[in-house]
Structure formats: C-alpha cells, structure tokens
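> Here is the input, now give the coordinates:
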Amino acid sequence: MKRFGCATVLLGLLFCPVLLVFVMASREPTTPAIETVGKVSGIPQRMLAAYQNAASLLPDEVPKCKGMRWSILAGIAKIESNHAGGRKVAANGDIRPRILGVVLNGSGAGGNTSTFQDTDGGKWDGTADAERAVGPFQFLPSTWQGSGRDANGDGTKDPHNADDAALGAAVYLCGKGRNLTDRSQLKAAIFQYNHSDAYVADVLGHIDRYSQLGNGTIQIDQDATGDARTVIKAALGEKGTPYSWGGGTAKGPSPGICCTPSGKSGANITGYDCSGLTTYAFAQVGINLPRTAAAQAKSGQRIPASRGVGALKPGDLVFFAANGGGIYHVGIYLGGGQMVNAAKPGTTVRTEQIWDHGYAGGARLL
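Residues are numbered from 1 along each chain as shown. So this is what the prediction gives:
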C-alpha cells in the first residue's frame, strides 16, 4: 500500500498527547519563483518549488535537524501522491481537488482494517465519522495537528496546500533533530513515516535518483551564444531523424550497425545514436569527439554529478550511467533542465527534460 502508507502507521501518535501548534506569525513566503525552479522529470514545477521552500524553512522549525533537502520530500511525495498527480496546484500552493485517502473505519477498503476515530470534525478529510489520510503527503488529521505548519504565510496550516504540507512533512521527518545525512537516520525517519521495509526501500530509491539532480534550482533564462548556439542549432536541426544504433558521423546521419544489447539493429536505418548526434553537432564548430558516450565523457572540463544540473550551461554534454556501471548515454544541454538527444531505438532525435535517473554529470568543451 502506497498512498495511504502514513495513514496506517502513525497509530502511535494517536495514543500520545499531541500538542496543538498555534498559528505562527505571518512570514514572507520564500517559495522560489517558478522562473528559477526549472524542471525535474516527473515533478510539476510548483510541487518542486514547495519541496525546495520547505527545505529552506526547516532550520527555523527544527534547528537541530541536519541534512533536510528537497529530494527527501520529493521521494516521500512520489510514493504518497505521485506529486499530487492529476490535481491542479494553484500559484499559492492550494491543491484541488483535494487528495483524500480511504475512510479508515475498519471496513478494509484500500487494504486497511484499522479504525481511527475522527479528530477534525471532517475539516480536512471530509468525514466526521472516522479519519482519512489527506493531502500530497497523506497526513492523518491527528498527526497534522502536531506537525502542520503555515509555510506560505497565509495564516492557515492546510495539509491540502503544497507548501504547508511539504514543510509539515519535513518537520515530522526531522523529529527532535535527526541528521538526515546519516543513511541510518534517514531510513529511521522514513520508517517512522510508514512502518514498512518495502516502503523505505521505495522511497530511498526515489530520493537517490532525485539527489542526482542537485538542489533542483535550474535557471531557465539562459541563452546560448557563440559556438554553443551553433552546436545546439545543429543538433536541433536534426529533430525527427530516426535513432540508429551506431549511426551518425561528423557529416550527418548515416546507416548504423548491429546490434544493441537488446538485439536492435541500426544497419538499415539512416540516423543517429546518442554519441553520433553529439559527434555531428560539435563537428560544426571544429571539435572532433570520440565515437562513444563513455569516451566523450573524458573530453573537455568534467562537471561532476554532485554539482547538480544547475552547474550545466547550454552547449555542455550531459551524461547518464547505469546503476553501478559506466556511462551509456549522452545528450546536449539546452538550459532549463532540457536536453536534445537521440534516446533509444524506435524514437527520433528529440528534446526532453533531463532524466531523473542515472544522471552522471556533464562536460564543457566550449
């Protein structure tokens, strides 16, 4: 069970006195402007901004907590609501329609047989007969009473608001002051959210993928100039050209070879594979790249993955690696978290968001 995970395991809190948190003094919202948030594959920009905002506000709420970052919150929200998937998130963070879990009245709906007595009179969960998990982080109303925060400065702690919910989740995960840079303490925090080893593993997997993208703040107003503009223009000029394993030279598309690890042949397809496209684009400014993505990663000034996507500039090469393996894919960074690449057999040269898995940094040749 995913979405209602925290609803099933925060039972312990219901048996302990939970102090109500009084409405905090109004504060200026610090949510990053959408123009500077950029894009992360699969995460709506407004939700990403909420995660970043919560991570930045957390030190004021739990000063002893260390290591809270947007990717931790994104990992939880991915499992709990798929980042408020299918809902509209307003500029102020309000999510509509509301995200409501099953009624926890012991009926067994959604696989949950626990009974939770109503604590909010239906204010947040729409029912006065029992409890429901609510919002993108699926809080029980009883838990929200203790962890809820007003992160957008409107005077209301609302679990159906992206900013408030994200900060509430950060507070809950931090407890009295965990060090979330310690893997064991991070696991303990996630386990507290849902007492399931499988849940912890799933969330950690998403956190690790999102963490590869750095702080998530990606400038989207960058304009390519000079040779970078020439390289990008050349690559974009090939949009729609078929993918061909082994295809592409400094002169343009060419028939490929046989065969990919899955047995796909490019011998009868005139086009590009990933490194063939970059070879062609950089040849337009007199740079001769080696033929494979792994070899191209040794060219120019290396940009470590640890610096995040925000360290890239338009015209940089961007690389991806298999889990525990070497680099297998390369594209050309366009800015704004976007790249142009020849992705895989059956596709064509295209632009897309930088993948949220396997990000392996970049290289600057210009």
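
> Start from the N-terminal end of this structure and give the strands.
Using DSSP state E, the strands assigned to the chain run over residues 88-89, 95-96, 254-255, 270-271, 301-303, 317-321, 327-335, 338-341, 350-353, 359-364.

> Tell me which strands the second one pairs with, and in which orientation.
Using DSSP bridges, the strands paired with strand 95-96 in its sheet are strand 88-89 (antiparallel).

> Mean neighbour count and mean pLDDT added to the strands of the chain, as CSV?
For the C-beta atoms, the positions are set from N, CA and C on the backbone; glycine is no exception. Shown next, in CSV, are the strands of the chain (neighbours: other CB atoms under 10 Å; pLDDT from 0 to 100):
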stretch, mean neighbour count, mean pLDDT
strand 88-89, 16, 96
strand 95-96, 17, 97
strand 254-255, 16, 97
strand 270-271, 21, 97
strand 301-303, 15, 95
strand 317-321, 24, 96
strand 327-335, 24, 95
strand 338-341, 24, 93
strand 350-353, 16, 90
strand 359-364, 22, 94
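
> Now those in a markdown table, please, with extra columns for distance to Glu80.
Converted to a markdown table, these look like this (distance: least, CB to CB, whole Å):
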| stretch | distance to Glu80 |
| --- | --- |
| strand 88-89 | 15 |
| strand 95-96 | 12 |
| strand 254-255 | 48 |
| strand 270-271 | 41 |
| strand 301-303 | 33 |
| strand 317-321 | 27 |
| strand 327-335 | 30 |
| strand 338-341 | 28 |
| strand 350-353 | 22 |
| strand 359-364 | 24 |
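
> Which among those is found nearest to Ala311?
Ala311 lies closest, by CB to CB, to one member of these: strand 301-303, at 5.3 Å.

> who touches the closest one?
Ala311, Leu312, Asp316, Gly361, Gly362, Ala363, Arg364, Leu365 (CB atoms under 8 Å, 6 or more residues apart in numbering).

> Lys264 is nearest to which of the strands of the chain?
strand 270-271 (12.2 Å).

> Can you give me the distance of Asp208 to Glu238?
In this view, Asp208 and Glu238 are 33 Å apart by CB to CB, to the nearest Å.

> Going by residue numbers, what spans are helices in the stretch 51-200 of the chain?
Counting by DSSP state H, counting those that start in this stretch, the stretch 51-200 of the chain has helices at residues 70-81, 141-147, 162-174, 183-193, 197-211.

> Show me how far the last one is from its chain's centre.
Here the centre of mass of C-alpha atoms in helix 197-211, compared against the chain's by CA atoms, centre = their mean, to the nearest Å, lies 11 Å away.

> what angle do that helix and helix 183-193 make?
With axes from the mean of the first three to the mean of the last three CA atoms, to 10 degrees as the basis, helix 197-211 and helix 183-193 are set at 120 degrees to each other.

> which helices and strands does helix 197-211 pack with?
helix 70-81, helix 183-193 (3 or more CB pairs under 8 Å, 6 or more residues apart in numbering; DSSP states H and E).

> So for it, mean pLDDT?
What helix 197-211 shows for mean pLDDT is 89.

> for the shortest one, same thing?
For helix 141-147, the mean pLDDT works out to 95.

> Dump that helix to CSV, restricted to CA.
What follows is helix 141-147, C-alpha atoms only, in CSV (Å, rounded to 0.1, in the frame of the first residue of the first chain):
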residue,chain,number,x,y,z
PRO,A,141,-5.6,14.9,10.6
SER,A,142,-4.5,13.9,14.1
THR,A,143,-0.8,13.9,13.0
TRP,A,144,-1.3,17.2,11.2
GLN,A,145,-2.3,18.9,14.4
GLY,A,146,1.3,18.4,15.7
SER,A,147,3.3,18.6,12.5
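
> looking just at contacts, which helices and strands does it meet?
Looks like helix 141-147 contacts helix 11-14, helix 162-174 (3+ CB pairs under 8 Å, 6+ apart).
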